[in-house]
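Visitor: Quick one, what's the 3D model for this:
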Amino acid sequence: MLKKVSYAAGIAVLLVCIFAFPSSVSTAEPNRREQMQLTSLLKKSDLAPGSRYAIVNQIANNMLSANEYQSAVLFLTDWVQKHPDDAYNSYWLLMTGYAYLSIGAEPFAEYYFDRILRHYPDLLVKGRSVHFLCLKNLIRISKTSSTRIAYFNEMINRFPSDVSVTELYYRRALEYEKDSEWEAALRSFVQFLEQSDAPTIQIAGEPNAYSDARRLVDFNNSSKDWTFENLDDLVAAVKSAITRYDWRALDKYCSKINFFYMSWTQDENDPNSQKEFSLRVYMRGQRITFSDTLERGTTPNEAYLRTRGWSPYSPVWYLYFRKVDFPIDPDINGNWEWAGIYMGERLL
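Guide: Sure thing, here's the model as predicted:
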């Protein structure tokens, strides 16, 4: 799972502990004399590559540990510009991106992280891929779905063993939906469901990831012939079937995907609430009545019909109707379906 990092508080610790050589310099205010000495050393033309890396890294980390982020940015970008052949330029620009994150300048950080991916080879420092860290940050801070999708794809293709591909398939599908790429979203949901850990994975902010994806894919693969173009026609058909005690018609009008039968306190996504049953047994020998008018839901996309007489143990049932949200098929999107049954008096 992707983790968030507190950059303003932890930038110096992150860079020193993960990437830098051990430092004897305190993370307090850098010693100005030491900085001058390091700068003087850096000007020597006979420096070995390893020594030059250590000096540049120490100068930058001294600035970062003193919260001199703008100075660090100027130093690092100037170094990269003047030394285009430095093998560690991708790392210096990564530090630049983190410095911008530390001052809340995410658009500038995004520019540098993306620049590294597009124009600089990957680099392993202390066993960590610079490109991988760039992608993690870009996925977190990018503001547009199209760019986030591109970063998800690159992460999946290049670093499948370092991330939860299952989660990334799901999150990518959500981004496709935001971008109205319905077919691509459906394919990504299918890929998510194909993963062995999809039924059990816990995705932050998406507690019903598996059931939501399963419902969408199953709905796409179904006949959808139980939906009605408008709510009035659906309710009229259900009322007529109840009046005639026509259980076969009622069974036909029930949604064939995740139809639920539950109390008001249960969760629709609870497997125990999802029933495949015939209304035949509930209509036999009963006197069933219904209200003349519908009760509206909390949104314009749902409605309830109060009925009574189905069972001596729970005589009151509310039939729940909702508008179909399925933009991938304009002929079905916006139709209405009978999605489930709530037992007992309505809880407001």
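Visitor: got a list of what the closest residue to Gln286 other than its chain neighbours touches?
Guide: Of all residues beyond its chain neighbours, the one nearest Gln286 is Gly309 (5.1 Å), with distances taken as Cβ to Cβ, 6 or more residues apart in numbering. Placement of C-beta: from N, CA and C, glycine included. Gly309 makes contact with 286-289, 315, according to Cβ atoms under 8 Å, 6 or more residues apart in numbering.
Visitor: Ranking helices and strands of this structure by mean pLDDT, which lands last?
Guide: For the chain, the helix or strand with the lowest mean confidence is helix 7-18, at a mean of 36 (criterion: mean pLDDT, DSSP states H and E).
Visitor: Next, count neighbours for Asp251.
Guide: Taking other Cβ atoms under 10 Å as the criterion, the count of residues near Asp251 is 16.
Visitor: is it fair to say it lies in a helix?
Guide: Yes - under DSSP: H, G, I helix; E, B strand; the rest coil, Asp251 sits within a helix.
Visitor: and it, what does it touch?
Guide: With contacts defined as Cβ under 8 Å, 6+ apart, Asp251 is in contact with 278-280.
Visitor: So for these, which is the shakiest by pLDDT?
Guide: By predicted confidence (pLDDT), the lowest-ranked of the contacts of Asp251 is Ser278, with 82.
Visitor: which residues of the protein fall in strands?
Guide: 124-125, 128-129, 260-263, 289-290, 295-296, 302-308, 316-323, 336-343 (DSSP state E).
Visitor: Please name the residues that touch Thr265.
Guide: Residues in contact with Thr265, defined by Cβ under 8 Å, 6+ apart, are Leu347.
Visitor: Look up how far Ser255 lies from it.
Guide: Relative to Ser255, Thr265 is positioned 21 Å away (Cβ to Cβ, to the nearest Å).
Visitor: Next one, pLDDT for Leu76 please.
Guide: Leu76 is assigned 97 on the pLDDT scale.
Visitor: Please pick the buried ones from the contacts of Asp251.
Guide: Leu279 (16 or more other Cβ atoms under 10 Å).
Visitor: Among the contacts of Asp251, which lie within helices?
Guide: Restricting these to those inside helices, with DSSP state H as the criterion, leaves Arg280.
Visitor: Tabulate the contacts of Asp251 (JSON lines), appending distance to Ser161.
Guide: Shown next, in JSON lines, are the contacts of Asp251 (distance: Cβ to Cβ, whole Å):
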{"residue": "Ser278", "distance to Ser161": "48"}
{"residue": "Leu279", "distance to Ser161": "50"}
{"residue": "Arg280", "distance to Ser161": "53"}
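Visitor: ok so, going back, would you reformat the strands of the chain as CSV and include distance to Thr144, mean pLDDT and mean neighbour count?
Guide: Converted to CSV, these look like this (distance: least, Cβ to Cβ, whole Å; pLDDT from 0 to 100; neighbours: other Cβ atoms under 10 Å):
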stretch, distance to Thr144, mean pLDDT, mean neighbour count
strand 124-125, 29, 88, 14
strand 128-129, 24, 93, 16
strand 260-263, 36, 90, 17
strand 289-290, 48, 96, 15
strand 295-296, 36, 92, 12
strand 302-308, 32, 96, 18
strand 316-323, 28, 96, 20
strand 336-343, 33, 95, 22
